[in-house]
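Undergrad: Pasting a predicted model and its sequence here:
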Amino acid sequence: MKTSLRRRLSNRLFLLATVGCALVALIPLFLILGRLVQDGMQSLNWAFLTQMPAPVGEVGGGMANAIMGTGMIVGMAMLIGIPLGIGGGIYLSEYGRGQLAFWLRYLSDLLAGTPSIVIGIFVYVLIVVPTKHFSALAGSVALGIMMVPTITRTTEEMLKMVPRDLREASLALGISQWRTILSIVLAAGSSGIITGILLSISRVAGETAPLLFTAFGNRFWNTDVSQPTAALPLQIFAYAISPYDDWQSQAWAGALLLIMLVLCLNVTARFIRRGH
Amino acid sequence: MGDRIFKQAVTGVALLIVTITIALGVMLVWQSWPALKSMGFKFITTSHWNPVLEEYGILPLIFGTIVSSFLALCIAGPIGLGIAIFLSELAPRWLGGIVGFLVELLAAIPSVIFGLWGILYLVPVLRTQVEPWLIEHAAGFPLFEGPPYGVGMLAASLILAIMVIPILSSVCRDVLRAVPREQREAAYALGATRWEVIRISVVSYAKSGIFGALFLGLGRALGETMAVTMVIGNSPIISKSILAPAQTMASMIANEFAEASSDMYVSAVIAVALMLFVLTLIINGFARFLVHKTAHPTG
């Protein structure tokens, strides 16, 4: 029996259409990356990395304060997000059977789906209002909270994949349970956990919305965690919506720097995962 | 001894995460209570947002949020599904690897960079080329009426569409891969072409999972803030035309929260955050239910 011409044609047509879909999705990716490289390169220079923002009306200057701020805020967010995430993951895989485990799984899924601006508002009420200050610390808490669900989930999955034999072998040697979990089980799952951590850092490093009402931004150099602090995404946002050409080209430079940071973390994470 | 302390420590962490999340919900309700109490149902059914008169109606924001996300899904849905079919059914391993990787890179781009690109390149192109053309050729059609602002519902929907394609394609791909082989083989045995196999036995088998993916994309689009804020024009109006500016709940919070001067004003903006939170909670919950049903048919 021969397949009719119409059926063969529509077969071809629809299969080609799916290839077309893939191409359509990649066009914006290349347009955006192309723009970033083309426009960002022009302003991304030594002065941009080392100087402070120029006063309004003056050309030049850089984003040294925002680069520093992002480093500080993301660094502190890691101190909050990583221990909580790993702790939650260990609980779920090693102890979690009852009510608490159910709620932890459910609520961390819920947290993962919560819009980042809502988390920003929450931290504003939680920290900025009582301390009466926008602060780097508040920004870090917001980003740290956003890291938790991803890390909890990957830690749980990785630890569950570690074979039972390994735990039993360790326990049989007389090593206590907590030492077994920390130095045997966690080590065995470490590459996956590191992947999860890097992915979550790459996500929060580019977040703007949760920082709007927490870290707030600052045009000056600041290393005091209790004061408003600049961050790369905040500065890009402020410059992008400004009417000045010079600021807009600085926004491109900042965006190029940010995307290099984010993509490096992201690709490294994937590379580690593939290696194992 | 060490075991007990360790177990208590991890349990403490688990409790802390649960507490933070519950505190988030409780705090939103508590802080938005004054505004909700004074406005009642008018909060979501009226259109006047006037902090001076203490009138807070968010209907245009609900409209803007739902319409921009819905349009984005109309654009991104077919594309995401197409990519998923290509990746799971057609592409040779190496090509699928490359395309999958590139699509995931799209997901890694920060929202503010989409916004930057949108405001400095997409919006000017829309304003000078696409929108004048639409207005000229669709004369009288209310969807494309009014002056070509560039910023507006169309720009926001396009940016959102680009941003949700990766999540749609990756969830759809997982769902399609979960379709049992027998399902495909049965259709091949009946003499179906490759496309017919995909359409009849794969896609229809995975239907509820694909809907789940769409709802996950919707949940993502509803809460998207920065890129939308930068291109939607931020005017709380309900217009028939997709060329007109609009405003979403998230973009309004980003714009006005810092300016909110009175306690009632702050409370009203937090109430918007609460609405957004509840909306994404419902949509995401439904989405996960649908995806789970397809990925684990017996469970």
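TA: Yep, that arrived.
Undergrad: Counting neighbours, what do you get for the closest residue to A:Phe220 other than its chain neighbours?
TA: Spatial nearest neighbour of A:Phe220, excluding adjacent residues (C-beta to C-beta, 6 or more residues apart in numbering or on different chains): A:Asn65 at 6.4 Å. No exception for glycine: its C-beta is placed from N, CA and C like everyone else's. Neighbour count of A:Asn65, defined by other C-beta atoms under 10 Å in any protein chain shown: 23.
Undergrad: My guess is A:Asn65 contacts A:Thr223. True?
TA: No. At 9.7 Å, A:Asn65 and A:Thr223 do not qualify as touching, with contact defined as C-beta atoms under 8 Å.
Undergrad: anything in contact with each of these two?
TA: Residues touching both A:Asn65 and A:Thr223 (C-beta atoms under 8 Å, 6 or more residues apart in numbering or on different chains): none.
Undergrad: Any residues of the stretch 151-276 of chain A in contact with chain B? List them.
TA: Counting by C-beta under 8 Å from any C-beta of the partner chain, the stretch 151-276 of chain A comes close to chain B at A:152, A:176-179, A:181-182, A:202-203, A:205-209, A:212-213, A:233, A:236-237, A:240-241, A:248, A:251-252, A:255, A:258-259, A:262-263, A:266, A:270.
Undergrad: The residue nearest to A:Phe220 and B:Ser69, how far apart?
TA: Distance, A:Asn65 to B:Ser69, by C-beta to C-beta, to the nearest Å: 35 Å.
Undergrad: Averaged pLDDT, the helix or strand containing the residue nearest to A:Phe220. What do you get?
TA: For A:Asn65, the element it lies in under DSSP states H and E is helix A:64-90. Helix A:64-90 carries an average pLDDT of 97.
Undergrad: so the very next helix or strand once past that helix versus helix A:64-90, what angle?
TA: Later in the chain than helix A:64-90, the nearest helix or strand by DSSP H and E is helix A:99-113. Interaxial angle of helix A:99-113 relative to helix A:64-90 (axes from the mean of the first three to the mean of the last three C-alpha atoms, to 10 degrees): 150 degrees.
Undergrad: now helix A:99-113: how far from the chain's centre is it?
TA: Relative to the centre of its chain, helix A:99-113 is centred 20 Å away, using C-alpha atoms, centre = their mean, to the nearest Å.
Undergrad: Mind giving me the packing neighbours of it?
TA: helix A:136-161, helix B:2-39, helix B:263-295 (3 or more C-beta pairs under 8 Å, 6 or more residues apart in numbering or on different chains; DSSP states H and E).
Undergrad: Can you give me the buried ones in the shortest one?
TA: Spelled out, it's helix A:136-161. A:136-159 (16 or more other C-beta atoms under 10 Å in any protein chain shown).
Undergrad: Can you tell me the closest non-neighbouring residue to B:Ala246?
TA: Nearest to B:Ala246 is B:Gly64, by C-beta to C-beta, 6+ apart, at 3.9 Å.
Undergrad: quick revisit: now the helices and strands packed on helix A:99-113 in TSV, with mean pLDDT and distance to A:Leu79?
TA: Shown next, in TSV, are these (pLDDT from 0 to 100; distance: least, C-beta to C-beta, whole Å):
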stretch	mean pLDDT	distance to A:Leu79
helix A:136-161	96	8
helix B:2-39	95	14
helix B:263-295	92	26
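Undergrad: Just send those back as a markdown table, with distance to A:Leu31 too.
TA: Below are these laid out as a markdown table (distance: least, C-beta to C-beta, whole Å):
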| stretch | distance to A:Leu31 |
| --- | --- |
| helix A:136-161 | 28 |
| helix B:2-39 | 37 |
| helix B:263-295 | 29 |
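Undergrad: Of these, flag the one that's most buried.
TA: helix A:136-161 (a mean of 25; mean count of other C-beta atoms under 10 Å in any protein chain shown).
Undergrad: Now do it: distance to the chain's middle.
TA: With C-alpha atoms, centre = their mean as the basis, helix A:136-161 stands 10 Å off its chain's centre.
Undergrad: Next, the angle helix A:99-113 makes with that helix.
TA: For helix A:136-161 against helix A:99-113, the angle by the same axes, to 10 degrees is 120 degrees.
Undergrad: in chain B, what spans have low per-residue confidence?
TA: The model of chain B has pLDDT under 70 over residues B:296-299.
Undergrad: Would you map the helices across it?
TA: B:2-39, B:42-45, B:59-85, B:93-108, B:111-117, B:123-125, B:131-137, B:153-177, B:181-189, B:194-196, B:207-223, B:226-231, B:249-256, B:263-295 (DSSP state H).
Undergrad: among those helices, which is nearest A:Ala101?
TA: helix B:2-39 (7.5 Å; C-beta to C-beta).
Undergrad: which other residues reach stretch A:39-59?
TA: In this structure, residues lying in contact with stretch A:39-59 by C-beta under 8 Å, 6+ apart are A:60-65, A:67, A:219-221, A:235, A:246, A:249-250, A:252-253, A:255-257.
Undergrad: and the residues you listed, which of them are in strands?
TA: Counting by DSSP state E, those place none of their members in strands.
Undergrad: Now, of these, which are buried?
TA: By neighbour count, with 16+ other C-beta under 10 Å, these hold A:61-65, A:67, A:219, A:235, A:246, A:249-250, A:252-253, A:255-257 as buried.
Undergrad: quick revisit: can you tell me which of the residues of the stretch 151-276 of chain A next to chain B are classed as buried?
TA: The buried subset of those - by 16+ other C-beta under 10 Å - is A:152, A:177-178, A:181, A:202-203, A:205-209, A:212-213, A:233, A:236-237, A:240, A:248, A:251-252, A:255, A:258-259, A:262-263, A:266, A:270.
Undergrad: looking at the helices and strands packed on helix A:99-113, which is closest to B:Ala84?
TA: Once the helices and strands packed on helix A:99-113 are compared by C-beta to C-beta, helix B:263-295 is nearest, at 12.7 Å.
Undergrad: ok now do B:Lys7, which residues does it touch?
TA: A:95, A:178.
Undergrad: Sorry, slip of the keys, the one I care about is A:Met147.
TA: Contacts for A:Met147 (C-beta under 8 Å, 6+ apart) come out as A:77-78, A:80-82, A:85, A:197, A:200-201, A:203-204.
Undergrad: Perfect, I'm done here.
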